[in-house]
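1. After the sequence you'll find the predicted model.
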Amino acid sequence: MAFPGFAIGELGRNLVVNPSLELTGDAGRGRKLFATHEIAACSRCHKIDGSGGDIGPALDGIASRKPSDYLRESIIDPQATMAEGYPVEVSPMPPYGVLLSQQEISDLLAYLHSLD
Ligand code: HEC
């Protein structure tokens, strides 16, 4: 499957190249960030494979449901578009565009893309 703005490298889903940032995301690093990063703390609010918090929606298979631009925006600017069916007007999710490095965001996106 092709994602606009992304080219999937030879290592398949583990490498996602973002041409606009010219950074290569690493799904393994992204998984670690998701689960253990103090600021990212994604897993405090999101479940994947049954483990994690309940504040946000479970993200299993998210890449097969949402385009990559949406995923990027969800992380960088969570207020921009609310998750479908989500009953709040203001996302409790922090704006990671200012909290994480571009590399960390690329790694997280590579990880989310491995979840389809
Ligand atoms: C404080 C709790 C919290 C944290 C921490 C958090 N999120 Fe969220 N997230 C939410 C909530 C609530 C929503 C639903 C509302 C919205 O769309 O912003 C959401 C939505 C999302 C969505 C869109 C899901 C969909 O089905 O449309 C993605 C993708 C996402 N978060 C990824 C992440 C990632 C990656 C991290 C870590 C960098 C993270 N979140 C950290 C609470 C959180």
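-> Great, that's in hand.
2. This structure: strands as residue ranges?
-> Along the chain, counting by DSSP state E, strands occupy 7-8, 15-18, 23-26.
3. which stretch in those strands has the least confidence?
-> Mean pLDDT per stretch puts strand 7-8 lowest among the strands of the chain, at a mean of 41.
4. is any part of the lengthiest helix in the chain close to the ligand?
-> When the chain is scanned for its longest helix (criterion: DSSP state H), the result is helix 102-113. Yes - under the criterion of Cβ under 6 Å from any ligand atom, the ligand is reached by helix 102-113 at residue 108. Quick note: C-beta positions are derived from backbone N, CA and C, even for glycine.
5. List the buried residues for that helix?
-> Under the neighbour-count criterion of 16 or more other Cβ atoms under 10 Å, helix 102-113 has 104, 105, 106, 107, 108, 109, 110, 111, 112, 113 buried.
6. any idea what sits nearest the second one, other than its immediate chain neighbours?
-> Beyond its immediate neighbours in the sequence, the residue positioned closest to residue 105 (Cβ to Cβ, 6 or more residues apart in numbering) is residue 75, lying 6.0 Å away.
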